[in-house]
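**Q** The following comprises the amino acid sequence and a computationally predicted model.
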Amino acid sequence: MKFFLSVFKFFSSLKVAVVLLILLGIVFGIGTFTESYYGADAAQLLIYRTSWMSALLIFLALNLLGSALDRIPWKKKHAGFLTTHLGIILILSGSLISHAFGIEGQLAIQEGKTGSRMTLTEPLIQILSADSGEKHIYPMNRRPFSWKGSEMLSDENSPIQIKLLTDYSKAKLNEVVEKTNSGSPALHLTLSGSMASIDQWLFLDDPSRNSVNLGPAMVRFTKDAIRQKAKKNKDASELGTLKFNFESGQVQTIQLDSKSTGKTFPLADTPFKIKINRILKDAIVDGNQLLERPQISEAEAAVLVRNPAIELTLEGNGLSERHTVFAKFPEFPTLHGMKPSEAHVRISYELEGFAEEKTKNELRFIWRPKQFPLYQIKAGEKMTEGGLKLNEETQTGWMDFKFMVGEYYEQAQVRKDFVPLPTSSQSIEAIPVIQVEVSNASEAKTIWLEQGEIAYVAIGGSDYHILYGLKTKPLGFQIELHDFMIETDPGTNKPASFKSLVQLKDPSAGINREQIIQMNEPLKYRGFKVYQSAYQQNSGEPDISIFTVARDPGNGLKYAGALIMIAGIGMLFYVKSLSTLKNSDPKLRSK
């Protein structure tokens, strides 16, 4: 009994209360300093959302409860004291419940689209098998600062092991182009003029790096020369021609007709043959499938541009590759998985009406095996061409623009390197990035992953897509963004306010209502509050509204505690003034 009494006296001690309040004051001071210098995330992870911070708050609540119980038997004069302590205990309890069960994330919705999952701040890695479609998830820990080390991430059912080597919450990308024994042909181009300039590497086999759109002009690095608008050929096949350009210099063509589907064609003087799986006169993407566009009206046909495509299988030399070739987009990679063909062939689909060039001005570099590329310059109707020479400036004919190629590698690769930035950095170049080792029983590869970007990895004879992203959580209802509205200050482009017109949908509850969400006027539903927090506008694209979604189950206790605490403070002043009044009046004292 003595032990329990000693414990009770300890928790109800005024000295303990003073020590706890001093500690909390120091902790909050450190938290403010941490948030100022290292950002809000660092302060949350290091201080506010830690187990020891929760322990301090629990100790304070127990101390307040102990000091209240220590006054038993309670008297009328204790009313203000007890009420104030009850309010503080309720506020602390609400904070602990919010910490344990609260949730907050973001929801970004494009105009005309519907969102139903919120994005949390918890990082993870997803691996998707390109062959089987199996998906595996590897949870990660959030870190307040840049980290290097070795940490195994687990998914017991996955054949792939992931080892985390580097974790930068904010980093800047540095790319280094290296000459290698395998890779893509690459050239370093500088293009300068009074209106603009570029300094960039172009990679032949990378669709995201083999061209630059300058608006009135295009720059490309390709295997095909610029094709002038062809005269109409009465003998041309309605379905066009498949052309196979091998790196050895061999060129094979196959004329297509209405009976070609399902047929197998040998490619003469090569060990390969191809089978035509499908001929699509106007292909569209529906979900993850390529389909023939349904019949459309004449008015729609006048506006839409056809997208002919061929699906084929190339076999031979132990290979079996599936290709999809588009007449409209000759620069697109054709092999499934976006990797170079092991048959070392480039396949193009030539169809009348799609061979003409629509770019008025263009600079094109044309790859040649084991030689420097050729160049072609198109300036309106004028065409010039020649052999590329390093470090030699050449006029383009577009105003005062001239180009120069400083380096050319027959085979090159980009080595990504990242430099960590301070966690408080507001640089637009700052991106979250990790470095991981991906391995199975027979092979291991080390790669960098930028948050939100999908990487392709071939390992152990299988293809995988890897995503470093954030955990998402279903809301249990849907929000459709009808319209994003922004108001500016008179005479300026400075935003004054912004709001979103949304449709709340919950089929299970029969809810379908329209509502405006704006600052300080959130949408409230199922314990969630959806706040208007930001927006994104890109030229030529629908606006994107960004919402903060939060559920705080401790809010009720915190509000109730605040009201009770205020009432208790008022009672303390009332009881004190009454006591003072009684003590100051001799007649009242005699009573």
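**A** It's in. Numbers count the residues shown, from 1 in each chain.

**Q** which residues pair with L191 across the strands?
**A** When bridges are assigned using DSSP bridges, the partners listed for L191 are I198, F403.

**Q** Identify the residue spatially nearest to L107, adjacent ones excluded.
**A** On the basis of CB to CB, 6 or more residues apart in numbering, the spatially nearest residue to L107 that is not a chain neighbour turns out to be F547, at 4.5 Å. All C-beta atoms are positioned from the backbone trio N, CA, C, and that covers glycine.

**Q** got the contact list for that neighbour?
**A** Taking CB atoms under 8 Å, 6 or more residues apart in numbering, we find F547 in contact with 106-109, 479, 500, 517, 530-533.

**Q** Looking at the residues you listed, which are in strands?
**A** Among the contacts of F547, the members found in strands (DSSP state E) are 106-109, 479, 500, 517, 530-533.

**Q** follow-up on the earlier one: mind giving me a markdown table with the contacts of F547 and columns for distance to R306, neighbour count and pLDDT?
**A** Output for these, formatted as a markdown table (distance: CB to CB, whole Å; neighbours: other CB atoms under 10 Å; pLDDT from 0 to 100):
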| residue | distance to R306 | neighbour count | pLDDT |
| --- | --- | --- | --- |
| Q106 | 40 | 15 | 94 |
| L107 | 37 | 22 | 95 |
| A108 | 33 | 17 | 94 |
| I109 | 32 | 22 | 95 |
| I479 | 36 | 24 | 96 |
| S500 | 37 | 25 | 95 |
| I517 | 41 | 21 | 95 |
| V530 | 42 | 24 | 95 |
| Y531 | 45 | 17 | 94 |
| Q532 | 42 | 23 | 94 |
| S533 | 42 | 17 | 91 |
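
**Q** Pick the one among the residues you listed closest to R220.
**A** The shortest gap between R220 and any of the contacts of F547 belongs to A108, at 33.4 Å (CB to CB).

**Q** So what sits opposite the closest one in the bridge?
**A** Beta-bridge pairing of A108, defined through DSSP bridges, involves I546.

**Q** looking at it, it is touching G115, isn't it?
**A** Yes - with contact defined as CB atoms under 8 Å, A108 reaches G115; the gap is 7.2 Å.

**Q** Could you check how far P432 is from Y456?
**A** Shown here: P432 relative to Y456, a distance of 20 Å by CB to CB, to the nearest Å.

**Q** higher neighbour count, those two?
**A** P432 (17 against 13; other CB atoms under 10 Å).

**Q** other SSEs contacting the helix or strand where that one lies?
**A** The secondary structure element spanning P432 is strand 431-439 (assigned by DSSP states H and E). Packed against strand 431-439 by the contact rule (3 or more CB pairs under 8 Å, 6 or more residues apart in numbering; DSSP states H and E) you find strand 114-129, strand 161-192, strand 444-450, strand 454-459, strand 462-488.

**Q** In the protein, where is pLDDT below threshold?
**A** Under the criterion of pLDDT under 70, the regions of the chain flagged as low confidence span 227-238, 286-288, 296-305, 330-333, 336-340, 353-359, 575-591.

**Q** just so I have it, where are all the helices in it?
**A** Listed in chain order, the helices of the chain (DSSP state H) span 2-11, 14-38, 40-43, 51-69, 79-101, 298-303, 555-584, 586-590.

**Q** Identify the residues contacting the second one?
**A** For helix 14-38, the surrounding residues in contact (CB under 8 Å, 6+ apart) are 10, 42-43, 46-48, 53, 56, 59-60, 63-64, 67, 144-145, 422-424.

**Q** Grab the most central residue of the protein for me.
**A** Taking CA atoms, centre = their mean, the centroid of the chain lies closest to G452, which sits 3.0 Å from it.

**Q** residue contacts, the residue lying closest to that residue once chain neighbours are set aside?
**A** The shortest distance from G452 to any residue that is not its chain neighbour, by CB to CB, 6+ apart, is 6.2 Å, and that residue is G469. Taking CB under 8 Å, 6+ apart, we find G469 in contact with 123-126, 451-452.

**Q** Could you chop this protein up by domain?
**A** According to the domain assignment given by automatic domain parsing, the chain is divided into the following structural domains: 2-102+564-590, 104-117+473-551, 124-171+422-468, 197-414.

**Q** Give me the distance between the second one and the centre of its chain.
**A** I take that to be domain 104-117+473-551. The chain centroid and the centroid of domain 104-117+473-551 are separated by 19 Å, computed with CA atoms, centre = their mean, to the nearest Å.

**Q** who's in contact with A560?
**A** For A560, the contact set (CB under 8 Å, 6+ apart) comprises 90, 94.

**Q** re earlier: for the residue nearest to the centre of the chain, grab phi and psi.
**A** Main-chain dihedrals, G452, degrees, to the nearest 10: phi 90, psi -10.

**Q** which residues does it contact?
**A** Applying CB under 8 Å, 6+ apart to G452 gives the contacts 467-469.

**Q** For those residues, give me TSV that also has distance to Q252.
**A** TSV is the format used below for these (distance: CB to CB, whole Å):
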residue	distance to Q252
L467	38
Y468	42
G469	43
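
**Q** burial of M53, as a residue count?
**A** The burial metric for M53, expressed as a neighbour count using other CB under 10 Å, is 19.

**Q** And I58, by the same measure?
**A** Other residues lying near I58 total 13 when counted by other CB under 10 Å.

**Q** residue contacts, the nearest residue to I366 once chain neighbours are set aside?
**A** Sequence neighbours aside, L374 is the residue nearest to I366 in space, at 4.4 Å (criterion: CB to CB, 6+ apart). Contacts for L374 were tallied using CB under 8 Å, 6+ apart; they are 225, 365-366, 368, 385-388.

**Q** Please repeat the previous calculation with a cut-off of 7 Å.
**A** With contact set as CB atoms under 7 Å, 6 or more residues apart in numbering, L374 has these partners: 366, 368, 385, 387-388.

**Q** ok, which stretches of the stretch 151-300 of the chain are strands?
**A** When assigned using DSSP state E, counting those that start in this stretch, the strands of the stretch 151-300 of the chain occupy the ranges 161-192, 197-203, 211-213, 217-222, 241-246, 251-255, 264-266, 273-280, 283-286, 289-292.

**Q** okay if I get those strands as JSON lines plus distance to Q537 and mean neighbour count?
**A** What follows is these, written out as JSON lines (distance: least, CB to CB, whole Å; neighbours: other CB atoms under 10 Å):
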{"stretch": "strand 161-192", "distance to Q537": "24", "mean neighbour count": "17"}
{"stretch": "strand 197-203", "distance to Q537": "25", "mean neighbour count": "15"}
{"stretch": "strand 211-213", "distance to Q537": "20", "mean neighbour count": "14"}
{"stretch": "strand 217-222", "distance to Q537": "26", "mean neighbour count": "21"}
{"stretch": "strand 241-246", "distance to Q537": "42", "mean neighbour count": "18"}
{"stretch": "strand 251-255", "distance to Q537": "47", "mean neighbour count": "14"}
{"stretch": "strand 264-266", "distance to Q537": "50", "mean neighbour count": "14"}
{"stretch": "strand 273-280", "distance to Q537": "35", "mean neighbour count": "18"}
{"stretch": "strand 283-286", "distance to Q537": "26", "mean neighbour count": "13"}
{"stretch": "strand 289-292", "distance to Q537": "32", "mean neighbour count": "12"}
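
**Q** Can I get the ones you listed in a markdown table including distance to L335?
**A** Formatted as a markdown table, the entries for the strands of the stretch 151-300 of the chain read as follows, by distance: least, CB to CB, whole Å:
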| stretch | distance to L335 |
| --- | --- |
| strand 161-192 | 14 |
| strand 197-203 | 16 |
| strand 211-213 | 19 |
| strand 217-222 | 16 |
| strand 241-246 | 13 |
| strand 251-255 | 17 |
| strand 264-266 | 18 |
| strand 273-280 | 13 |
| strand 283-286 | 17 |
| strand 289-292 | 14 |
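
**Q** just so I know, which of those lies nearest L572?
**A** strand 161-192 (46.3 Å).

**Q** excluding its backbone neighbours, what's nearest M195?
**A** The shortest distance from M195 to any non-neighbouring residue, by CB to CB, 6+ apart, is to M399 (6.7 Å).

**Q** wait, the one you found sits on A196?
**A** No - under the criterion of CB atoms under 7 Å, M399 is not in contact with A196, lying 10.1 Å apart.
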